[in-house]
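Asker: Predicted structure and sequence below. I'll ask about it afterward.
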Amino acid sequence: MWFSFWRSKNRFTLDELRYLTDQLQKVQSVTEMNKDFMIEALRSIAELITFGDQHDSAFFDFFMEKQVMGEFIRMLKLSTTVSVSLQLLQTTSIMIQNLKNERAIYYLFSNEHINCLITYSFDFRNEELLSYYISFLRAISGKLDKSTISLLVKAENDSLMSFPLYVEAIRFAFHEESMIRIAVRSITLNIYHVGDESVNRYVTTGSLANYFRDLVSFFRKQCIDLSDLVHQASKNPSEELSSGIAAAVDEIEDNLYYFSDVISAGIPDVGKLITDNLLQLLILPLLLPCITDEPVNVGFCVQDVKFCAVTSLYLLCCILRIVKIKDLANSIAAALFCPRVAFLAVSEVKTNGCLASSSVHDEYETNHCSNGDFRNMKLTIPEDTCLPGGADGSALREVLLSYLISGSDELVLGSLVLLATLLQTKELDESMLDALGILPQRKQHKKLLLQALVGESSGEDQLFSSGSSLVRESFGGDFESYLHKLKDQYGISCSVFEAKSSPPLCRHQVHALVRLFCRLDVSAEALWDGGWLLRQLLPHNVADVNRQHLQLLRERFSSCCHRVLEEPKGFWPDELLTVIIDEWKKSKKAFEASSPRRELKDIVLPPNKSRHRDFIPSDSSFAAGENMCELVKVFVLLCQLQMFFYGKPLPDQPPFSEPSLMPENSRAEVAGLVDIVPKPGVEVKLFDTIPCIIAFEKGKERHFRFLAFSLGTSGWLVLGEDLPIGRELGVVRVVAPLAGCNPRVDDRNLRWLHLRIRPSSLPSFENLSSTTRARGKAKSMVDGRWTLAFKDEESCRSALSMVLEEINLQSLEVVRRLKPLFDLSSTMIDQLNSRDIQANQPAKVDMICRNIDTYAANRTSACLQDTVVDMLRQKLEN
């Protein structure tokens, strides 16, 4: 029978389909002898049906008439080989994906043939078979709409009784293979987004609602795994751990985006289910109590891992930024007013991570729960674990501020990003932001202005007080309602009185940020994030910062200026101005951006500096360049902060002095190199040069004439040779930077001069680690060395004197160009000394009126502006 199949003819005909169908109907058993025919017949039928859907409807009419789908099911039951099952699943998937005719789709989904394939007991121990089965389910879900979905469900008395496609798909929601999990999510999202009311009720009631609980349980396991990686990387950073963290972060964020997509389907109660499960299983018992400066032990089956504060901060930021649910966001914010001890009772909860529904097969429970993946997971917080400063009863928001003052660089970054995320979370009520102390002052003034307009005395009094003394008597009903909800629904106790009595005002955040800027043990990147947050909280006015803050900033800036003044004497004075210009532009862009520039994963990923620390010698120019770039970032930020405080607009370029005129008879002028950048082959006058010998290769000495000269902020070391036309002219053969050469006469041979030779340009430290990884093996980055031999000791001393003199001229020019930036410190002192903290009332009136004018101009029509301003001016005069 099967030999006649291989006859030569036009395959895409109705006769060919009729012949193949006839042969299938004659098969009574599937054996090793005929399985190849069966496989080829199934593949050919799929091709013919797809062809007919596009060219001739008679093909599918015949397919329906002969009930070929029924033959497929019969072949499946007859077969005992995996290959036939694989081909049958592939054949059906191809037909479903490629059929465009609605009538054809309706036929395939009717008569229970598809449901029979879905519920068939395949041997899923075969990974390839499972992959084909999931692809088959995904193909079905891609064709669902409100009409076709009704063909795949079983209903009774207008109530949905079963939905095999959904039930079978979620069996594999937590499979160890990520591609399987991704496909299952796609299937469920296709179902949710159909919008069928009966299906929506079915997936959110009864035992199937546990799927959302199990999603969070599985997500929690991934969070604990991430925390373990982060904890290991903090002890022993490596490229392998960094890659593992990056992969774990991607999967966690994908899970959260899946939560967000599920919510966007608009199914009633799904948002509440996800919110409750996230709070009960993850946020309240794990993330919030772990916002401490010491890792917290998590009892996880037979394992003990550390759940660290950095991971908690990162996960809270991810949840707030991705899962946009109002109740969830406000519950997290309200919980920050509770002390850590309030979460201890909740943290003892045990959660079963498996679906308890009978609709979930025993195989799923065996494969995914018996190994303890997320069953009976329990959090244990040691009794001796305390918050920073030992205040175990401190509210969590105070812990965040304490990290800014004394936490590690990672905790500083995590706290700043969390505060910035809260500030930008649109789902948070303004009363919640106000209570947290991160409501921007422009919104505070707007709120108080509206209260004053309607005659509320508290709003009027606060509006006409100074910016630094705004006092709120209450935070509003929304804030209190969420505190009550935490207590009533989740058992988290935090009285309204305690929340109000803790420092709520913006000035406490400002104080913490100012203290942050004064720290020396925090990276410049974290300080930039603090600068962005400060700009969001304060208007462009120094009046909103008290005298102590200005004094601290002045001292910090003066200290930073002293450190910058050391750089012209170091390795990279010729690059210092360029680095300042580049960092000025970047800092200004970050400072004025509408949102933080950092990605959330930066919180948990080890910094690049720690990755290439091992292969950069600490005394090399590479390490000095990296340190200079870090110092410049801090210096630029402090400069821009002072301009910000005094209401000055940030210029696009830093205010440098103009270049000075070239001194007469300078070495650059004598050598004829004033307008020429020295490079090999350039002619040079050799009047002040000193003869020397150097060997660039062993045993090969060369005679040169040595010259060192500076030209503005640049400087070079030149080795030239005489031209045959005369001794007054020569040609440049070798050039090296003057800066960082560190000249030194040899201790034993006083005719030898040692020079360190650094690269001509500053390397890109951001790409350094990736470059070394690409090479496969990191090579130590060291500077070059020159040893020049002169004819006598006097010539050697002359060369040394020439080099030192030109280094000094170069350094002085760099310092002179930087003077306008250093003068900002003097401006700060003058303004600090002349500032009157207790400004008189008329000055207050003028300040408030200017704020009102600005607000009215931005928010009201021209006709209404005068009315608003006159009304408030009258209130002020009274």
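Answerer: Received, thanks.

Asker: for the stretch 701-850 of the chain, what spans make up the helices?
Answerer: For the stretch 701-850 of the chain, helices defined by DSSP state H, counting those that start in this stretch occupy the ranges 768-775, 793-834, 841-859.

Asker: what's the distance between the second one and the middle of its chain?
Answerer: This points to helix 793-834. In terms of C-alpha atoms, centre = their mean, to the nearest Å, the centre of helix 793-834 is found 40 Å from the chain centre.

Asker: what does stretch 659-673 give?
Answerer: Taking C-alpha atoms, centre = their mean, the mean C-alpha location of stretch 659-673 is offset from the chain mean by 50 Å.

Asker: and if you look at stretch 427-445?
Answerer: Taking mean C-alpha positions (C-alpha atoms, centre = their mean), stretch 427-445 and its chain are 24 Å apart.

Asker: same question, stretch 635-646
Answerer: 26 Å.

Asker: try stretch 193-208
Answerer: Distance, stretch centre to chain centre, for stretch 193-208: 34 Å (C-alpha atoms, centre = their mean).

Asker: Quick check: buried residues in that stretch?
Answerer: Judged by neighbour count (16 or more other C-beta atoms under 10 Å), stretch 193-208 contains these buried residues: His193, Val194, Asp196, Val199, Asn200, Tyr202, Val203, Thr204, Leu208. C-beta here means a position set from N, CA and C on the backbone, and glycine is covered the same way.

Asker: swap in stretch 101-118?
Answerer: Going by 16+ other C-beta under 10 Å, stretch 101-118 has these buried residues: Ala104, Ile105, Tyr107, Leu108, Phe109, Glu112, His113, Ile114, Asn115, Cys116, Leu117, Ile118.

Asker: Kindly report the same for stretch 74-81.
Answerer: Met75, Leu76, Ser79.

Asker: Which strand or helix spans the first one?
Answerer: Think Met75. helix 68-78 (DSSP states H and E).

Asker: Could you dump the buried residues of stretch 193-208 into CSV with secondary structure and distance to Met179 added?
Answerer: Converted to CSV, the buried residues of stretch 193-208 look like this (DSSP: H, G, I helix; E, B strand; the rest coil; distance: C-beta to C-beta, whole Å):
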residue, secondary structure, distance to Met179
His193, coil, 21
Val194, coil, 24
Asp196, coil, 28
Val199, helix, 26
Asn200, helix, 27
Tyr202, helix, 27
Val203, helix, 23
Thr204, helix, 27
Leu208, helix, 24
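
Asker: Quick check: of these, which lies closest to His508?
Answerer: The nearest member of the buried residues of stretch 193-208 to His508, counting by C-beta to C-beta, is Thr204 at 42.7 Å.

Asker: which residues sit in contact with that closest one?
Answerer: By C-beta atoms under 8 Å, 6 or more residues apart in numbering, the contact set of Thr204 is Ile267, Pro268, Asp269, Val270, Leu273.

Asker: Let's have the residues you listed in TSV, adding pLDDT, neighbour count and secondary structure.
Answerer: Conversion of the contacts of Thr204 to TSV gives the following (pLDDT from 0 to 100; neighbours: other C-beta atoms under 10 Å; DSSP: H, G, I helix; E, B strand; the rest coil):
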residue	pLDDT	neighbour count	secondary structure
Ile267	91	21	coil
Pro268	87	10	coil
Asp269	88	15	coil
Val270	92	21	helix
Leu273	93	20	helix
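
Asker: Give me the subset of the buried residues of stretch 101-118 lying in helices.
Answerer: Among those, the ones falling in helices (DSSP state H) are Ala104, Ile105, Tyr107, Leu108, Phe109, His113, Ile114, Asn115, Cys116, Leu117, Ile118.

Asker: residue ranges with poor pLDDT in this structure?
Answerer: For the chain, applying pLDDT under 70 flags the ranges 1-10, 293-306, 344-393, 441-477, 495-507, 539-545, 608-615, 726-727, 765-781, 825-878.

Asker: so where do the strands sit in it?
Answerer: Taking DSSP state E to define them, one finds strands in the chain at 154-156, 159-162, 296-300, 303-307, 378-379, 683-685, 690-697, 700-711, 714-723, 726-737, 744-745, 752-757, 784-789.

Asker: Nearest to Leu14 among the buried residues of stretch 101-118?
Answerer: Nearest member of the buried residues of stretch 101-118 to Leu14, counting by C-beta to C-beta, is Ala104, at 15.6 Å.

Asker: if we can go back for a sec, the contacts of Thr204: which two are farthest apart?
Answerer: Pro268 and Leu273 (10.1 Å).

Asker: Do I have it right that Leu821 meets Pro651?
Answerer: No. Counting by C-beta atoms under 8 Å, Pro651 is not a contact partner of Leu821; they are 11.3 Å apart.

Asker: Those two - which one has more neighbours?
Answerer: It is Leu821, of Leu821 and Pro651, that has more neighbours when counted by other C-beta atoms under 10 Å, with 22 against 11.

Asker: Skipping adjacent residues, who's closest to that one in space?
Answerer: Cys639 (5.7 Å; C-beta to C-beta, 6 or more residues apart in numbering).

Asker: Contacts for the helix holding Met75, please.
Answerer: 21, 24-25, 27-30, 38, 42, 45, 63, 84-85, 88, 91-92, 108, 111, 113, 116-117, 120.

Asker: any chance of the contacts of Thr204 in JSON lines, with distance to Arg756 too?
Answerer: Compiled in JSON lines, the contacts of Thr204 are given as follows (distance: C-beta to C-beta, whole Å):
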{"residue": "Ile267", "distance to Arg756": "69"}
{"residue": "Pro268", "distance to Arg756": "72"}
{"residue": "Asp269", "distance to Arg756": "71"}
{"residue": "Val270", "distance to Arg756": "66"}
{"residue": "Leu273", "distance to Arg756": "66"}
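
Asker: and of these, the nearest to Phe219?
Answerer: Leu273 (13.6 Å).

Asker: Surely that closest one touches Asp214?
Answerer: No. Using C-beta under 8 Å, Leu273 is not in contact with Asp214, being 11.3 Å away.

Asker: Who does Thr787 form a beta bridge with?
Answerer: Counting by DSSP bridges, Thr787 is bridged to His754.

Asker: just checking, it touches Phe696?
Answerer: No. Using C-beta under 8 Å, Thr787 is not in contact with Phe696; the gap is 10.5 Å.
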